[in-house]
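In: A structural model of the following input is requested.
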Amino acid sequence: MSPADYPSTPGRPLVLGHRGASADAPENTLAAFRMAMEQGADGFELDVWRCGTGEAVVIHDADVARTGQSPRRVATAPLARLRELDVGRWRGEGFAGERIPTLAEVLTAFPGAVVNVELKSGRIPDPGLAVEVVRTLRQHGAESRVIVSSFAVSLLGAFRTLAPDVATGLLVERGALAWARASLAVRALRPSALHLPRTLATDERIGACSRDGLAVLVWTVDEPGEVERLARAGAAAVVSNRPGVAREAVRRATGR
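Out: Numbering: from 1, shown residues only. Modelled structure (predicted):
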C-alpha cells in the first residue's frame, strides 16, 4: 500500500496554525481557526476524540477541566453536554461563548483550509475514532486536503487501512529513542510523512526523509529564524502557535 500524496504548496512549506492561532485565541475553537486563516495560514492543526455519543469532537485534552472549567470526560460525555461548556472565556471575555466544535463543523466552516487532524489516544486507543474520522472526511469530500496524524501507531494504522487515499503523518515524540522507534514504525505503517518536534528536525534528517519519499512536518515552531531554516531545508509543513509570524518567515526564506 503506497503512501497517499501529502498536501503541498509549490516552492514553500505549508504553514498550519497549532490548534489554530493559539497564541492569540482559545485553542481548538472556530475563533482560533478563523484567526489562523486571517493571518495567512494555509490551514491549521487540531485534535480529535470521540465523545460519548460517537461524534469526533475537537479538543486536545481527555477532559474539559483546562479549557472549559469542567471535569467532564470527553469519551463519556454526550455531545449535548459538551456543547453546554464555554471554552473561550478562559482566554478573555472577547471569546466568551466559544463552544467545542465537531470535526464536521470545522470542515464545513473552512472548506479551503488544509487540516491536520490529530487522532488523540489514552492508554487504550479507540479504534472507533478512526472509523468516525473516515466517515466524516468522506461525507465532506475532504480527503485531499486533510492530513491525519497520531502518536498511537495502532490507531494510525487502523486509519491507514480504512482510508489509504488520505495523507497520514506519524507523530514522533521528543528524544533520540523516539526517533529510533519511529524509524521502525515507518516500515510497517508507510505513512506519507513524519511529524517531527522541532528539536529533532535537523537539516540532515529532513534531507534523509525527503530522499526516502517521506514528507516532514515540524511542530511547534514560533521563532522566525527557525521557520526560515526549516523552509530552506525542505520541510513540507511547519506548525506554529503564531501562523502569521511563521508565514512571513517562510516568505522571507523562499520568496513565496
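In: for the one helix or strand in the chain whose mean pLDDT sits lowest, buried residues please.
Out: None of the helices or strands of the chain scores lower by mean pLDDT, DSSP states H and E than helix 176-189, at a mean of 87. Within helix 176-189, the residues that count as buried by 16 or more other CB atoms under 10 Å are 178-179, 182, 185-186, 189. For the C-beta atoms, the positions are set from N, CA and C on the backbone; glycine is no exception.
In: ditto for stretch 101-108
Out: By neighbour count with 16+ other CB under 10 Å, stretch 101-108 contains the buried residues 101-104, 106-107.
In: list just the nearest of those residues to residue 161.
Out: When these are compared for distance to residue 161 (CB to CB), residue 103 wins out at 19.5 Å.
In: isn't that closest one up against residue 119?
Out: No. Under the criterion of CB atoms under 8 Å, residue 103 is not in contact with residue 119, lying 10.6 Å apart.
In: which neighbours do the two have in common?
Out: Any residue near both residue 103 and residue 119 by CB atoms under 8 Å, 6 or more residues apart in numbering counts here, and that gives 48, 133.
In: contacts for stretch 247-256 next, please.
Out: Identification of contacts with stretch 247-256 by CB under 8 Å, 6+ apart yields 9-13, 15, 39-41, 224-225, 227-229, 231-232, 238.
In: just give the number of residues close to residue 9.
Out: Residue 9: 15 surrounding residues under other CB atoms under 10 Å.
In: report the separation between the closest residue to residue 19 other than its chain neighbours and residue 133.
Out: Counting by CB to CB, 6 or more residues apart in numbering, residue 27 is the residue found nearest to residue 19 once chain neighbours are left out, at 3.7 Å. Going from residue 27 to residue 133 by CB to CB, to the nearest Å gives 19 Å.
In: give me the more crowded residue out of the two.
Out: Ranked by neighbour count (other CB under 10 Å), residue 27 and residue 133 place residue 27 first, with 27 against 23.
In: ranges for the helices of the chain?
Out: Along the chain, counting by DSSP state H, helices occupy 30-38, 65-68, 79-83, 103-109, 127-140, 153-162, 176-189, 203-211, 224-233, 243-254.
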